[in-house]
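Novice: My questions are about this predicted structure, shown below with the sequence.
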Amino acid sequence: MRKPAFLAGLGWIAVLFLPLALPAQQAGKPSSHEQAAREMYRLIGGEKTAEAGAEAMMVVIRDNPDLAPYEDVFRTWYRKIFAAGDLESEMVALYMNAFSEKEIRELSAFYRTPVGQKALAVMPELMKQAADLGLRRVKEHALELEDMIAQAKREREGSASPGTRQKRTISDIRNTGTAMFSWLTDQVGAAAAGQSQTEKKTPPVDLENYPPISHEELEKILVPDYLQELPKTDGWGHPYEYYLNVKDPMAQQVMMIRSPGKDGKFSDGPYSVGAFEPADFDEDIVWADGFFVRWPQATK
């Protein structure tokens, strides 16, 4: 099953607050450098600045359907951690690492000017608007990114060795088969589905016993609950053939996946169960009902 989007969507929170995880200044008389950093921290609004940054990220929360219902929880959480820790000392350490004492005093002098005060006043709203702008631009160009990734994938796979292509095909089939078996378990229960996997077939596996299903139809069944993405082509760029008995998942033969191998030509007739030499790249790779029917394996 897919990883809950609620947990996956919280990954950016650690990035937002990571700079705050610096050691606090040691007890004792503060240096002039530290004093200057504390003065600047208080001048620019202290905790309010960090809270403004978190508020700017609320647009991400609201735009995520899995996170939006928990906006109040997130807001309560970050206010709690700001109140509980010695945020000032940690931020002071951050400033001292980034700026010399002279630079901090120059910054403080700027923030005391009318322009500096205006910058402090409008910055939280600008941060929010910038987050909105960035999110909108990402959405507008999302398809472009997908096309670029697909092109890069084709180019990189084009230079891959036959062995690498074969391994990718095996991985695709195994992952998709696991997803199909999970779907079957949800339909008929673990005990009934387990029969297909434990009773390994030794007679030839005949295609006529498996109803074909299109990539689009199978994608609707498996994505995103059982699989993030359903592969369309094998390591050589040839389309996979999928078979799934949706109408009768209790049937003895329910699901199958096959790749034609390097030559792109599927074999005719039933498949005898057994391995073939890994160097025979033209061999079909076949999986059915929980196990590989035809797979590459070196002869011992």
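Specialist: Arrived safely, thanks for sending.
Novice: use CA for all of it now, contacts and neighbours both
Specialist: Noted.
Novice: Output the below-cut-off pLDDT ranges for the stretch 51-200 of the chain.
Specialist: Where the stretch 51-200 of the chain drops to pLDDT under 70, the residues are 51-57, 82-86, 190-200.
Novice: repeat that with 50
Specialist: Flagging of the stretch 51-200 of the chain using pLDDT under 50 yields an empty set of residue ranges.
Novice: which residues of it fall in helices?
Specialist: For the stretch 51-200 of the chain, the helices defined by DSSP state H, counting those that start in this stretch cover 58-63, 71-84, 87-98, 101-111, 114-140, 142-158, 162-188, 190-198.
Novice: Make a markdown table out of those and add distance to Lys220 and mean neighbour count.
Specialist: Formatted as a markdown table, the helices of the stretch 51-200 of the chain follow (distance: least, C-alpha to C-alpha, whole Å; neighbours: other C-alpha atoms under 10 Å):
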| stretch | distance to Lys220 | mean neighbour count |
| --- | --- | --- |
| helix 58-63 | 24 | 16 |
| helix 71-84 | 30 | 12 |
| helix 87-98 | 48 | 19 |
| helix 101-111 | 56 | 16 |
| helix 114-140 | 23 | 14 |
| helix 142-158 | 20 | 12 |
| helix 162-188 | 12 | 19 |
| helix 190-198 | 21 | 15 |
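Novice: Let me know which of the ones you listed is the nearest to Glu216.
Specialist: Closest of the helices of the stretch 51-200 of the chain to Glu216 is helix 162-188, at 14.0 Å (criterion: C-alpha to C-alpha).
Novice: Output the helices of the stretch 51-200 of the chain as TSV; include the columns distance to Ser272.
Specialist: Output for those, formatted as TSV (distance: least, C-alpha to C-alpha, whole Å):
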stretch	distance to Ser272
helix 58-63	52
helix 71-84	57
helix 87-98	67
helix 101-111	77
helix 114-140	49
helix 142-158	30
helix 162-188	18
helix 190-198	17
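Novice: Of all those, which one is nearest Tyr41?
Specialist: helix 87-98 (6.9 Å).
Novice: then the closest one to PDB, C-alphas only?
Specialist: The C-alpha trace of helix 87-98 is given here as PDB (Å, rounded to 0.1, in the frame of the first residue of the first chain):
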ATOM      1  CA  LEU A  87      14.900  30.000  20.600                       C
ATOM      2  CA  GLU A  88      16.700  33.300  21.100                       C
ATOM      3  CA  SER A  89      20.000  31.600  22.100                       C
ATOM      4  CA  GLU A  90      19.800  29.300  19.100                       C
ATOM      5  CA  MET A  91      19.000  32.100  16.700                       C
ATOM      6  CA  VAL A  92      21.800  34.200  18.200                       C
ATOM      7  CA  ALA A  93      24.300  31.400  17.500                       C
ATOM      8  CA  LEU A  94      23.000  31.300  13.900                       C
ATOM      9  CA  TYR A  95      23.600  35.000  13.400                       C
ATOM     10  CA  MET A  96      27.000  34.800  15.000                       C
ATOM     11  CA  ASN A  97      28.000  32.000  12.700                       C
ATOM     12  CA  ALA A  98      26.800  33.900   9.600                       C
END
